[in-house]
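Engineer: Need a 3D model of the sequence below.
(chains A, B, C, D and E, ligands or ions: 8)
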Amino acid sequence: MSVENNNEWNPKIIVIACNWCTYAAADLAGLNHYEYPADIRIIRVPCSGRMDPLFMLRAFNRGADGVLLSGCHPGDCHYGTGNYYNRRRQMMMKRLMQFVGLEPERYQTSWISGAEGSKFAETMHKLVEDVTALGPNRKLRDER
Amino acid sequence: MKILNKSKLEEVLNRLGENADVYVPMSKGLQSGFYPWKSLEGGKDELMLDALNVYQPPKSVVFPQTERMYSLYQEGKGLKIEETYENDEPRVIFGARACDIKGIICMDEVFLTGGYEESFYKARRESTTIVANACYEPGPSCFCAAMGVDPLNPEGADVIIRDTGDAYIWEALTEKGEALSSTIKDLLEEKELSVPEAKPFIQQVDYDGVAEKLKGMFEHPIWDRTSEACLNCGICTYICPSCYCFDIQVKMYGHEGYRFRCWDSCMYEEYTREAGGGNPRPTGRERFRNRFLHKLEFFTERYGHPLCTGCGRCIVVCPAGINITSIISEAKEADLDA
Amino acid sequence: MVAAAQHPNIELITYAEVQKVAGYIGNFTVTVKKKAKYVDWDLCTGCGTCIEKCPSKKIKDEFELGMGSRTAIHKLFPQAVPGKPYIDAEHCTKLTKGKCGVCEKICPTDAIRFDDQDEYVDIDVGAIVMATGYDLFDWTEAYGEYGYGKYPDVIDSLQFERLSSSGGPTGGAIRRPSDGKEPKCVAFIKCVGSRDDTKGKSYCSRACCMYTAKHAYQVKTKIEDSEAYVFYMDVRTAGKNYEEFYQRSLDAGAKYIRGRVSKIYQRGDKLVLKTEDTLLGMPMEVEVDLVVLATAMVPAEGAKELAKTIGFSTDKDGFYQEAHPKLQPVETFAAGVYLAGTCQGPKDIPDTVAQASASAAKVLGLLTRDEYATDPMTSEVDPGKCSGCGFCVPICPYKAISLVDIEERGAEGPFTRQVAQVNASLCQGCGACLPACRTSALDLKGFTDEQLVAEVDALCL
Amino acid sequence: MNDFTQQIQDIASRLLDNGQVDVFIAWHKGQQDFQVQPYFARSADEAQNIIFNDYSIHNLSNSLLKFRDSKEKIGIVVKGCDSRGIIRLLEDNQIQRERLYIVGICCPGMKDPLQAMRDELGFNHKPESTELAAKCNDCIQPNPVIYDELLGTEQSPRVQDRFARVKEIEAMSADERYQFFEETISRCIRCYACREVCVACDCRTCIFDEMRPQWVGRENNTTDNLMYHIVKASHMAGRCIECGECERVCPVNIPLMLLNQKVIKDVNELFGPYEAGMQYVEGQKPPFSMYEESDPDDFL
Amino acid sequence: MHDDHKCNCEQPLVPGIVEVIDIKEETPDIKSFYVKNIDGQGVPFNVLPGQCAMISTPVGEGMFSCTWQEEQEWLQFAIKRVGLMTDDLHRIEVGQQLGIRGPYGNHFPIEESKGKDMLFIAGGIGLAPLRSFIKYCFKHREDYGKIQIIYGSRSYADLCFKDELFDLWPKEKDTEVFVTIDRPEEGWDGEVNFVPTYLEKLNPDPANKMAVTCGPPVMIKFVIQALEKMGYSDEQIITTLEMRMKCGIGKCGRCNIGSQYICLDGPVYNMVQLRQLPPEW
Ligand SMILES: Cc1cc2nc3c(=O)[nH]c(=O)nc-3n(C[C@H](O)[C@H](O)[C@H](O)COP(=O)(O)OP(=O)(O)OC[C@H]3O[C@@H](n4cnc5c(N)ncnc54)[C@H](O)[C@@H]3O)c2cc1C
Ligand SMILES: Cc1cc2nc3c(=O)[nH]c(=O)nc-3n(C[C@H](O)[C@H](O)[C@H](O)COP(=O)(O)OP(=O)(O)OC[C@H]3O[C@@H](n4cnc5c(N)ncnc54)[C@H](O)[C@@H]3O)c2cc1C
Ligand code: SF4
Ligand code: SF4
Ligand code: SF4
Ligand code: SF4
Ligand code: SF4
Ligand code: SF4
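Structural biologist: Ligands and ions are numbered 1, 2, ... in the order given. Here you go, the predicted model:
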């Protein structure tokens, strides 16, 4: 594996967050001074329903080491049902990605409500830990 | 007469491989094509010099499916091209059939004549030496002779080898060929062998006058019927030794990136789609017609011979059973007033 | 309600059900089922003769919550608008067995119509206000310690409302259901089903503190020498003059005991409550004649289904979800649909009226405009790319997407085909439809594929 | 087989003659016996060219897409798997049932003409000589699920464990799996034949031709290829009717069905039981256009 | 063809770099870009009227007719915003560097037209290529006879090069400019008509004339029909074609009509030549 294997390496982690919950939780985490790792790069979308698996694929293709998609708990979708559709899609996608050899830790999903600032911080810590343990990702990564 | 004993073949290929990338007909699992000799894995892969032909022609040695052209670097309002990627590392195509070499000749005409010498192709082409494997036993789908190709004396070859059973007759034709031969001088023997006898073609194809006749058949109803089964999948174009359509694309990572070219196919809808959505070839019928007219008429008009070399590959791969020889004969028989 | 019924611009449709809502803001079509009444209300004067004469008299009166009876031809409740009767087909012997027909014979205006049918009408409206209210939490399913409803003298507070109402089954005299005796000692238990994560609902039903104070006060003032115990967790009196009212109840002698009743059982004709006074930290037992449970408010039966029909969402408890808890408390996510009252969450009458007035004002604001500006963040279909598969259609929670016919020019002349179309005034911009579309014919303004991919790319550098 | 030929010819002539259909889609013989081709007969005379033999393997339902914008009435012959393709098209709102006259054939299993080509025409070193085409060995539905007329006698499914290959891969480690797909999928020449031949690929414009954004790069390398295959498989989720055509036509033998069957297996396990294209219910949409509150999840 | 007017670089597919020295908004969706070598000295190549160049940004490449060249000063391109790459171009500012390669294709028959009266008929962005010929005629005014220009677009706002149309060109010697828009609009008291109809109405005499036309494909089709009706011979009708181009040097195979490559053999054709091609344009 020809990847940057120096100590400088920090994982590149993309979090796709629903505006109404996880994104708010990130805000709250900030407000409440829960620290979370700086390696997290958040993309805000209006609803988990908007989380096209293609964004996840794109992120890996462009060099992400981990991707987390996070939305409102089932039943709590701001728009009613977006997270249910997304859940189906992600369940299928996660298995498919594992099938082609991606480690499950690199592609995770979670429910974090707007009130769960601490859960947000914890999840991010865990995510960074998981991905750091695996090292840089090369699978699906574009040969630039 | 120089002779290469088959027992020395491996040694020859190894030797040639010391100075160049050597591409040989090889089977890899269910695949066959011209693959680097170095990539041969014993037990799994197999050299296929004695087979009629392999699935993938050697076209990609000189015209790879994707080829980086140049880097792009953007800084503020500045734009820089720091590197271009012409590749002139020496390479050898070993054991290609006449039809496939003719395909390369077609590409030479396209890329190196007509006012512009395309530098990426040129670099690869000039650094390539071709060892042809003369063909004495045409297969059931072969019709190269009908397309003006001589299977016994392949045009464009730097060296020709002729299979006599246990040994090949080795004949260097060009300077490049001589140079190549000199590197393996010690492995060649001097011996007289009789040239094998050529078997007749199984497939009878009559292309005579077809190019001319097709000129008046642009709007002939045969295109409606012949194109009907075609899926416009483009396999035929990708597997054809002479199809050369390409697209230029770019990949940018922030401010840096590169432009590359990759094969394209006239069978695809978006190939001719114009900005604004118009398309001079909107349906499969027009695209099908273009492919066959390009092969059989337009190219002949421009370069004096057809763009089909009679290798028969497209017949073998077409999932819809489209057969270019049937199209030739249908065109031949077509009633121009229909 | 009477005032509303008499307003020239208000058409009140009672004894009816909403079947379907189609369309979008400014252009809704509401399909209403007007149930067969078997009485021609145009002719009926509401004299009530028929109600008196109807021989089927022993029907449990739903309005009285089982504490009274009624006839087959009857008014739903005393103040029903219009004040005219209808025949309850299920219990009318003429309609069920073909016999009787007394009412028909005696009606002075010949208003009885035994051949009446359900009627469906389509009503075009520009906006919809939801005011479907609440039901009470079914405590008998959850609270075994209170006897699962097997003690007749454990009632809920709505039943108590009827008992203390002058129009109620007892004419306003508080009597206990089991033997009709006047209870001397009444216990009120608050937060039954409210603020109870394990058995009921986590939320506070908000009205109970005040109506229980009212009920306790009623006991103390209507029944001589009575005792009123109120078992509570907190007393919440946030509202103008509420605290003062609570004090009045205390002054009248209501005994407030902080503690949750852990068990009720029958002893003779009394009910025994076991509890603990948590302020004193003392276990206690109280013997009473009647127990009134202040049960939680829950969304009206069928409210969730109705929300689905119309196309907006409900919260985790089934109350209607407002578009924003602070900034858009009377709007739903479905444009043109507004909320009033307890359908949105527990509240009392003043709050209900306030919200209803706000909704009315929103509607007026909407309907007086000729053009409606929508949120720019909506989904769009590129008809050229859309194949009309319709996969996106069921996904939209607001029913913003429909398949429409378009005309296209093909190689062989024009043809029509179906493509999806997003109604921008309905779309709320969630983007859930996008991943359903394989060709990415849909895009969401503000969150386009191109923008998000650019964002991914940039963040991955 | 000859039997079927005669019967189909008769039906086609009848339908074309009495104007019940404008075109009848079946097969005819190409240059070689095994070079069978889809055929579009437009008159009773032409119907005499129709044949049905061991090599009539093509899923003709895909060619209905050519007619989706016209009004012509179409007769079509379908085998079991092909008939599921018709349901795919109905469910995807691409063709109207009224326009179709469907002749179903209880399929005895087919041979692969492309395999035969390679073997017979000298492009394979060692001929494969299989009895049935690979895809027919995995057939769960040899009998048509939708038809107006049925030929032949019911056949039983031939499959042992159609997910055997999937399970084999699942048993590997993540890195082994990646290596496996890297090796196989880097071969892909991105001709998109697997897309063109697929009846479930019925989009008007394909996301792989999309430029804004360009979702999947056009380079012919492992990652772009993998992206292509993952996206394709995910677009097939709940929609692939397992006709196996994609894998059959692939000129470089990419195991496309492995990915498709993986998804089929998962959709079945997670949201099933569900088999795409088994019956047509009007208004029915595939699994990713719906949900159950009780769907399983492993979200954190 | 002069060799100076043909791309003869070593690496024909690798662009050179130029800098945008000025940008002018012609219409809401057309901008003119003036480019020059990055050292500020002159132009990367010289073009003849009708020739094109491939301009690139990091997003993509596109073929554009050079709408005018000020000798050794700058090249001008009028570019309409239609897609990915042109969107990108419309975002740039003065000072931006771009890739350019060319010149490509043949040119308008400047020699053959000498001594003739000229009729230019254009629609929309189609004026961009014709303008190079028009300005060439003005520059060599004595070589050409009477000049008539018929130009139309959807609306007043969509008319390109307004100052020239209404101000400069009509003042040129022996020159007439006729402008039309498709639909009536407030403040426009000129002609309202489609270009082919307007052409028929003006009915310019074919005697000793060259008619040069460019515009959307349907317009070209009807203009040609109209010209034929008015008695123009095939030799007198000249047009310039747009087919999708990628390489510009006759390799990629895209822009063929029959055996012709528009990028090499075109884009300028007269009707005699066009009639020999399959009707795919
Ligand atoms: C000879 C010639 C001269 C031209 N002169 C001018 C001019 O002077 N002014 C002007 O505004 N436009 C001119 N054009 C058109 C211009 O090339 C296209 O509008 C431009 O390339 C579109 O690029 P885009 O990247 O914005 O579109 P994209 O969004 O990238 O492309 C959309 C579609 O357009 C097609 N396309 C891409 N490049 C071209 C192209 N070069 N020609 C046709 N289709 C293409 C693509 O295949 C794609 O399907 C000319 C074209 C030709 C061939
Ligand atoms: C025991 C008790 C005592 C209370 N005492 C007081 C008090 O003293 N003071 C006070 O301020 N508040 C009191 N409240 C609270 C008060 O009842 C509510 O605040 C008020 O009734 C809410 O009004 P609403 O319009 O939201 O709902 P509701 O009064 O419930 O009205 C909803 C209406 O919608 C109708 N409906 C429901 N579904 C449909 C449908 N699908 N189609 C058509 N119609 C439908 C119902 O039939 C009903 O008529 C008390 C509550 C309780 C439980
Ligand atoms: S001729 Fe055959 S291989 Fe070629 S595009 Fe058509 S179906 Fe595909
Ligand atoms: S057209 Fe077919 S037969 Fe001719 S060279 Fe190409 S692949 Fe071979
Ligand atoms: S999912 Fe896409 S293709 Fe299908 S109807 Fe919706 S927009 Fe059209
Ligand atoms: S984004 Fe799509 S699913 Fe969401 S509201 Fe709009 S149309 Fe409906
Ligand atoms: S998988 Fe096969 S058929 Fe599909 S694009 Fe790749 S090579 Fe072509
Ligand atoms: S993906 Fe393959 S097996 Fe599935 S429907 Fe398409 S062609 Fe058939």
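
Engineer: quick one: contacts for whatever residue of the stretch 51-200 of chain E ends up closest to chain A?
Structural biologist: Nearest to chain A, among the residues of the stretch 51-200 of chain E, is residue E:58, at 14.5 Å (Cβ to the nearest Cβ). Quick note: C-beta positions are derived from backbone N, CA and C, even for glycine. Shown in contact with residue E:58 (Cβ atoms under 8 Å, 6 or more residues apart in numbering or on different chains): B:72, B:74, B:79, B:250, B:252, B:257, E:88.

Engineer: and which of these is nearest residue C:191?
Structural biologist: Nearest to residue C:191, judged by Cβ to Cβ, of the contacts of residue E:58 is residue B:252 at 62.3 Å.

Engineer: what's the distance between stretch D:285-296 and the middle of its chain?
Structural biologist: Chain-centre distance of stretch D:285-296: 24 Å, with Cα atoms, centre = their mean, to the nearest Å.

Engineer: is chain D contacted by stretch A:107-114?
Structural biologist: Yes. Shown here: stretch A:107-114 in contact with chain D (Cβ under 8 Å from any Cβ of the partner chain) through A:108-111.

Engineer: Which of those fall in strands?
Structural biologist: If you go by DSSP state E, the residues of stretch A:107-114 next to chain D have A:108-111 in strands.

Engineer: Now do the same contact list for the residue sitting nearest the centre point of chain D.
Structural biologist: Centroid-nearest residue in chain D, with Cα atoms, centre = their mean: residue D:243, separated by 3.3 Å. Contacts for residue D:243 (Cβ under 8 Å, 6+ apart) come out as D:59, D:81-82, D:84-85, D:135, D:199.

Engineer: now those: which count as buried?
Structural biologist: D:59, D:81-82, D:84-85, D:135, D:199 (16 or more other Cβ atoms under 10 Å in any protein chain shown).

Engineer: Near ligand 8, list only the ones from those residues.
Structural biologist: When contact is defined as Cβ under 6 Å from any ligand atom, the buried ones among the contacts of residue D:243 meet ligand 8 at residue D:199.

Engineer: Among the buried ones among the contacts of residue D:243, which one sits closest to ligand 3?
Structural biologist: residue D:59 (13.5 Å; Cβ to the nearest ligand atom).

Engineer: Neighbours of the closest residue to ligand 3 within chain D, how many?
Structural biologist: Closest approach between chain D and ligand 3, counting by Cβ to the nearest ligand atom: residue D:193, at 6.2 Å. Per other Cβ atoms under 10 Å in any protein chain shown, the neighbour tally for residue D:193 reads 28.

Engineer: Was I right to think it contacts residue B:233?
Structural biologist: Yes. Between residue D:193 and residue B:233 there is a contact under Cβ atoms under 8 Å: 3.6 Å.

Engineer: what's the overlap in contacts for these two?
Structural biologist: Residues touching both residue D:193 and residue B:233 by Cβ under 8 Å, 6+ apart: B:319, D:249.

Engineer: Next, name the residue at the spatial heart of chain B.
Structural biologist: residue B:241 (2.1 Å).

Engineer: how close does it sit to residue B:312?
Structural biologist: Noted for residue B:241: a distance of 11 Å to residue B:312, by Cβ to Cβ, to the nearest Å.

Engineer: okay, and the common contacts of those two?
Structural biologist: Common neighbours of residue B:241 and residue B:312, using Cβ under 8 Å, 6+ apart, are residue B:99.

Engineer: where exactly do the strands run in chain A?
Structural biologist: Counting by DSSP E, the strands of chain A are A:13-18, A:40-45, A:66-71, A:107-111.

Engineer: As JSON lines, those with mean pLDDT and mean neighbour count would be great.
Structural biologist: Putting those into JSON lines (pLDDT from 0 to 100; neighbours: other Cβ atoms under 10 Å in any protein chain shown) gives the following:
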{"stretch": "strand A:13-18", "mean pLDDT": "95", "mean neighbour count": "27"}
{"stretch": "strand A:40-45", "mean pLDDT": "94", "mean neighbour count": "20"}
{"stretch": "strand A:66-71", "mean pLDDT": "94", "mean neighbour count": "28"}
{"stretch": "strand A:107-111", "mean pLDDT": "94", "mean neighbour count": "23"}
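
Engineer: mind checking which of the ones you listed is nearest chain B?
Structural biologist: strand A:40-45 (13.9 Å).

Engineer: Please list all residues in contact with whichever residue of the stretch 151-300 of chain C sits closest to ligand 3.
Structural biologist: Taking Cβ to the nearest ligand atom, ligand 3 has its nearest neighbour within the stretch 151-300 of chain C at residue C:299, 59.1 Å off. Shown in contact with residue C:299 (Cβ under 8 Å, 6+ apart): C:132, C:134-135, C:314, C:317-320, C:342-343.

Engineer: In the lowest-mean-pLDDT helix or strand in chain A, which residues are buried?
Structural biologist: Least confident helix or strand, chain A: helix A:22-31 with a mean of 84, by mean pLDDT, DSSP states H and E. Across helix A:22-31, burial judged by 16+ other Cβ under 10 Å covers A:22-26, A:28-29.

Engineer: now do stretch D:57-73
Structural biologist: Within stretch D:57-73, the residues scored as buried using 16+ other Cβ under 10 Å are D:57-70, D:73.

Engineer: Most widely separated two among these?
Structural biologist: Taking Cβ to Cβ, no two of these sit farther apart than D:57 and D:69, at 27.1 Å.

Engineer: Neighbours of the residue of chain A found nearest ligand 4, how many?
Structural biologist: Across chain A, no residue is closer to ligand 4 than residue A:143, which sits at 29.8 Å (Cβ to the nearest ligand atom). Close neighbours of residue A:143, defined as other Cβ under 10 Å, add up to 10.

Engineer: And it, its phi and psi?
Structural biologist: Here is the backbone geometry of residue A:143 (degrees, to the nearest 10): phi -80, psi 100.

Engineer: cool, residue C:354 as well?
Structural biologist: Per degrees, to the nearest 10, the backbone of residue C:354 is at phi -60, psi -40.

Engineer: Surely residue E:221 is in a strand?
Structural biologist: No. Counting by DSSP: H, G, I helix; E, B strand; the rest coil, one finds residue E:221 to be helix, located in no strand.

Engineer: Quick check: it vs ligand 1, distance?
Structural biologist: Distance, residue E:221 to ligand 1, using Cβ to the nearest ligand atom, to the nearest Å: 17 Å.

Engineer: before we move on, what about residue B:262?
Structural biologist: Here residue B:262 is placed at a distance of 14 Å from ligand 1 (Cβ to the nearest ligand atom).

Engineer: does that residue sit in a helix or strand, and which one?
Structural biologist: Remark: residue B:262 resides in strand B:256-263, with elements defined by DSSP states H and E.

Engineer: pLDDT of that strand, averaged?
Structural biologist: The pLDDT scores in strand B:256-263 average 94.

Engineer: what's that strand packed up against?
Structural biologist: Judged by 3 or more Cβ pairs under 8 Å, 6 or more residues apart in numbering or on different chains; DSSP states H and E, the packing partners of strand B:256-263 are strand B:66-75, strand B:246-253.
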